[in-house]
Every structure is written in structure tokens, then in C-alpha cells.
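> I need the structure of the sequence given here:
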Amino acid sequence: MFKKDFSCVWLVLACLSLVSLTACSDDAVGNPRSLAEPGLPTDASGDGLALSSQSDSLVSVAIPYAGGVMTVDFPVCNTESEGRVEKLFLGGDKYGYDRFYKCEQGSWNETDISATCDTAGVSVGAICKRDRKNGFFYSNGAYSYSSYVFIYAGNGVWEDFDGLAKMTKECTAENEGDKEKLVYGSDDNTLAVYYKCSENKWTEIDEPTFYCAEDSASVGGTCSVEIDGKMAYYKYENRGWVKSGYDPELGFCPVIYKTYFVSCGEGSEFDCKVDEYNQPKLRESGWVNYYCRAGQWKQSNIVPNQYTDPRKEGLTDMEYDVLDLPKEAKVGDRVGGLLETCWYDVELYTIAGWGVYDYCLSRNYYRYRENGSWTLETRSEFEDYLSSDHLGCNAETEGEKRYSLPRNDEPGAVYQCVSGYAEPVEYIFNHYEKK
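Residues are numbered from 1 along each chain as shown. So this is what the prediction gives:
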């Protein structure tokens with residue numbers, strides 16, 4: 001099986017949803033009734049799942065899972081539904097994964113995801129690609145998936161994909177470093193795989209590694225190449241090429257979670273400057289502000305102080321950072337500097353529910369010392385704070401509020417003690433916009 005796993009966590013919650021897969025379609029047949037029943041036995045034969053009659057059209061099926069057994073209403077498995085495949089999602093809003101069940105000779109049996117691949121009118125050598133939810137729900141709004149590829153062997157059989165099946169060239173010391181592209185499937189359903197000869201064996205590589213230089217030195221960290229009549233763009237990130245979006249004025253935007261920030265001058269010259277990690281260099285006034293998110297440039301209304309404050313002109317970053325530190329303070333007081341880092345499309349949870357925010361935080365924090373000066377907060381000072389029980393809640397503190405300090409990559413927050421736990425009520429930003 002050709003598999004790419006993007007999983008993070010494998011957890012199961014007691015919640016189910018059922019999707020019918022007739023041939024290759026993913027048409028929903030409704031939400032089934034599901035109950036956790038730890039005492040319900042499974043089929044002793046092991047050939048199928050325990051069944052009980054529900055109606056003429058539905059049958060209750062016992063599904064074993066980590067916490068016991070669940071009962072799910074499946075369509076009746078009979079001659080009319082022979083071969084039908086149902087996709088069952090076990091999970092909730094944050095965690096879950098897919099299972100598949102096939103109607104075979106009157107019984108629903110757990111099967112492989114390849115059973116969802118159609119066989120009607122399919123030619124030998126055809127490709128079937130499938131994605132399967134398999135665990136963690138990321139804060140940016142997407143489950144993790146594993147990707148699978150199968151190739152049709154005929155007679156109703158889908159086999160695990162072997163990318164080297166078409167390779168006829170040997171990998172030897174004489175052709176060390178050679179690259180090969182192999183294409184499987186036909187028409188508009190094809191799959192290209194790429195290999196490099198390394199140490200006498202063919203090693204799979206990704207598309208940009210095949211088309212682009214081995215490193216970024218000769219191309220300045222970017223790669224543009226025409227593939228099958230379309231332009232593809234890549235940016236060299238963390239010792240590898242990353243697929244990117246591209247705009248002639250804004251530049252490359254990698255399809256990764258890291259955020260980029262661009263400021264463009266308005267007027268006759270559309271001049272843009274990009275810096276990583278939301279830290280563009282100071283430019284003249286009249287900014288149009290963009291940030292890079294998952295391969296797309298998006299306009300931003302939230303901008304770091306240093307790009308809009310006229311006082312920054314002529315000052316170094318550190319000179320500007322300390323301009324507004326209070327003249328009077330108590331020993332141990334903590335204040336953020338003026339330099340900011342901004343974060344975009346961040347999903348945060350409060351008691352009121354989830355929300356998506358753009359926000360800016362101070363890049364540096366300062367502590368007031370006994371000698372009457374402000375100096376940068378040390379790592380150990382903040383670690384000591386984190387190790388303290390500043391969010392401790394118990395029965396006696398029910399309803400009380402707690403506070404957490406912001407840092408350069410995480411907002412502060414106001415918490416309320418609810419049933420012994422500190423629940424976030426609101427967040428503390430320098431400035432923000434809720435979407």
C-alpha cells in the first residue's frame with residue numbers, strides 16, 4: 001500500500017457518523033442512532049459483526065471500539081446491497097478516524113479503505129486515491145489524514161500501489177544521482193512518482209526535489225518550473241522545497257503553517273518587501289499590508305506598531321522598543337516593548353466558544369529592577385512564573401478569576417474557575433481583530 005501518513009494523535013470518542021459509499025461516491029445516507037453499550041458481545045464467529053433486527057430497512061450492528069462496543073444502525077445487508085460499503089466515522093469535534101464496512105453474504109464486515117474504490121468499467125492499471133481521517137483536529141480547522149493509493153489488478157482486485165513497478169533502469173554507482181519520473185494511470189486519473197538513484201537503490205523523492213536544484217544556493221531560495229503546461233512554484237524552507245503560491249508583486253508564499261508578512265508601497269511603484277515570521281523591514285509610509293497563509297497572500301488590517309508609528313524613523317529596533325517604558329514603576333513590574341509580532345487566522349477557545357483572531361503581541365518584555373532601570377525579562381524569570389500555580393482552581397475558588405501573562409508568541413488571558421478548572425474568558429492582546 002502506498003501510504004502517506006499525516007496523523008498526529010489517535011484517539012477515539014463515543015460519537016459516530018455513517019456515510020454510504022456506493023461505487024466511488026461519498027453520498028451521505030443520514031445520521032445513524034448510536035449508543036455505547038460495553039456489555040454487548042461481538043459475533044463469536046469472528047466473520048462478521050453482531051446484529052439485531054431494527055426494521056425492514058435498518059439493522060443494529062455492534063461495533064467494537066477502544067471503550068467497549070457501540071450500536072450503530074446500518075442498512076440491511078441483503079442480496080440487493082451485496083458489496084455496498086459504509087464509511088463509519090468514530091470521533092467528535094476534535095478527534096476521530098474512519099472505519100469501513102462491507103456488506104458480504106448478509107453480514108457487515110470491517111474492510112480496508114480499498115473497498116471504496118470502484119471496479120465497474122475500470123481498466124487494469126487504473127489508479128485509485130483515497131484519504132482517510134485518522135486522528136487529530138488541528139486548530140486551523142482541518143483533521144489530519146492519511147493518503148492511500150491503489151492500482152487495479154483486474155477481477156475486482158485493487159492492489160497496494162508500488163511506485164517502482166515500472167522502473168526498468170538499474171541504480172548503480174555509474175548513475176548515482178540520476179532522477180526518474182514514472183507515471184501511472186491514464187487520462188485524467190494519473191499519478192506521477194519520482195525517484196533518485198542513491199547508494200545503489202532508488203529512493204523516492206518529491207516533485208520539487210525532482211525539478212529543482214538540490215539546495216537553494218543557485219536559485220536564491222525559490223524555484224519556478226512548468227509542469228504539464230502549468231507553472232509550479234516552490235520556496236526552499238528548512239532544508240527542503242515547499243510548494244508555494246506566487247504573486248508577481250508579493251513573491252512566494254509557502255503552503256505551510258508559518259506566517260509571512262509583506263508591506264507594499266502604494267502609488268505608481270507597487271514595491272513590496274517580504275520578511276519571514278511577521279517581521280518586515282521598516283519602509284516608507286503608505287502601506288498595503290499582506291500576510292502569507294497556506295500558500296495565499298491575504299490583506300491584513302492588523303499591523304505591527306513599527307510600521308505605522310512615525311517615531312520609529314531613524315531609531316534602531318531596540319531604541320524604539322523602549323520609548324514608552326514607564327518612568328515610574330515598582331520593582332518586578334512587567335511591561336511589553338513597542339516592537340510587535342503579529343499572528344493571523346489563529347483559532348482560540350473561550351467559555352463563549354471558538355473564535356478566529358488576528359492579533360499583535362510585544363516582541364520583548366521588560367522587568368523593573370531595584371536600581372531603577374528596565375531590563376529585558378530573562379528566560380528563567382518567565383519559566384519561574386510558568387512553574388507557579390498561577391491558574392490553580394479548587395472548590396473554594398469557584399468563580400474567581402485568574403490571569404496569565406502574555407509572551408511574544410502567545411497572548412495573555414483572563415481565566416475563571418469553573419468546576420475546579422481554569423476556563424479562558426478572554427485574551428489579552430496589544431491589538432487585535434476578531435473575524
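
> could you pick out the longest helix of the protein?
helix 379-387 (DSSP state H).

> quick check: next helix or strand after that helix?
strand 401-404 (DSSP states H and E).

> chain center to that following strand, what's the gap?
Its chain's C-alpha centre and that of strand 401-404 lie 30 Å apart, by Cα atoms, centre = their mean, to the nearest Å.

> returning to that earlier point: how far off centre is the longest helix of the chain?
30 Å.

> tell me the mean pLDDT for it?
Mean pLDDT, computed over helix 379-387, is 83.

> neighbours of the nearest residue to residue 173 once chain neighbours are set aside, just the number please.
Nearest residue to residue 173, sequence neighbours excluded (Cβ to Cβ, 6 or more residues apart in numbering): residue 200, at 6.7 Å. For glycine as for every other residue, the C-beta is placed from the backbone atoms N, C-alpha and C. Other residues near residue 200 number 11, with proximity taken as other Cβ atoms under 10 Å.

> residue 200 and residue 177: what is the separation?
For residue 200, the distance to residue 177 equals 12 Å [Cβ to Cβ, to the nearest Å].

> over to residue 375?
From residue 375 to residue 177 the distance is 53 Å (Cβ to Cβ).

> check residue 428 too.
Counting by Cβ to Cβ, the gap from residue 428 to residue 177 is 54 Å.

> settle it for me: which of the two has more neighbours?
residue 428 (15 against 8).

> domain-wise, how is the chain divided?
2-160, 322-434 (automatic domain parsing).

> turn the ones you listed into TSV, columns for distance to residue 181.
Putting the domains of the chain into TSV (distance: least, Cβ to Cβ, whole Å) gives the following:
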stretch	distance to residue 181
domain 2-160	15
domain 322-434	35
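
> so which of those gets nearest residue 248?
domain 322-434 (22.1 Å; Cβ to Cβ).

> just how off-centre is the closest one within its chain?
Using Cα atoms, centre = their mean, the offset of domain 322-434 from its chain centre is 26 Å.

> endpoint to endpoint, it covers what distance?
Distance across domain 322-434, first residue to last, is 28 Å (Cα to Cα, to the nearest Å).

> stretch 222-242 too?
Using Cα to Cα, the end-to-end distance of stretch 222-242 comes to 9 Å.

> for it, list every residue counted as buried.
Residues 222-223, 232-237, 241-242 are the ones in stretch 222-242 that count as buried (16 or more other Cβ atoms under 10 Å).

> residue boundaries of the helices in the protein?
Counting by DSSP H, the segments of the chain that form helices are 207-211, 317-321, 379-387.

> deepest of the ones you listed, which one?
Among those, helix 207-211 has the highest mean neighbour count (mean count of other Cβ atoms under 10 Å), at a mean of 18.

> returning to what we had before: for the domains of the chain, which has the smallest mean pLDDT value?
domain 2-160 (a mean of 68).

> starting at the chain centroid, how far to stretch 206-214?
Distance, centroid of stretch 206-214 to centroid of chain: 23 Å (Cα atoms, centre = their mean).

> nope, stretch 168-180 is what I was after
On Cα atoms, centre = their mean, the centre of stretch 168-180 falls 36 Å from the chain's centre.

> now do the end-to-end distance for that stretch.
OK, stretch 168-180 end separation, Cα to Cα: 10 Å.

> buried residues in that stretch, which are they?
For stretch 168-180, the neighbour count (16+ other Cβ under 10 Å) marks 171, 180 as buried.

> same check, this time on stretch 102-111
102-104, 107-109, 111.

> cool, and stretch 399-412?
Applying 16+ other Cβ under 10 Å to stretch 399-412 flags 402, 404-407, 411 as buried.

> which pair in these spans the largest distance?
Spanning the widest gap among the buried residues of stretch 399-412 are 402 and 407, at 16.5 Å by Cβ to Cβ.

> for the helices of the chain, give me JSON lines that also has distance to residue 330.
Formatted as JSON lines, the helices of the chain follow (distance: least, Cβ to Cβ, whole Å):
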{"stretch": "helix 207-211", "distance to residue 330": "55"}
{"stretch": "helix 317-321", "distance to residue 330": "21"}
{"stretch": "helix 379-387", "distance to residue 330": "15"}
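
> which of those sits closest to residue 424?
When these are ranked by proximity to residue 424 (Cβ to Cβ), helix 379-387 comes first, at 16.3 Å.

> can you list contacts of that closest one?
365, 367, 405, 407 (Cβ atoms under 8 Å, 6 or more residues apart in numbering).

> quick one: which of those is nearest to residue 190?
Nearest to residue 190 among those, with distances taken as Cβ to Cβ, is residue 407, at 48.0 Å.

> so the closest one touches residue 365, yeah?
Yes - under the criterion of Cβ atoms under 8 Å, residue 407 makes contact with residue 365 at 7.0 Å.

> ok so, going back, I'd like the buried residues of stretch 399-412 as JSON lines, with distance to residue 227 appended.
Output for these, formatted as JSON lines (distance: Cβ to Cβ, whole Å):
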{"residue": "402", "distance to residue 227": "54"}
{"residue": "404", "distance to residue 227": "48"}
{"residue": "405", "distance to residue 227": "49"}
{"residue": "406", "distance to residue 227": "44"}
{"residue": "407", "distance to residue 227": "42"}
{"residue": "411", "distance to residue 227": "41"}
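
> closest one of these to residue 312?
Of all the buried residues of stretch 399-412, residue 406 has the smallest distance to residue 312: 21.5 Å, by Cβ to Cβ.
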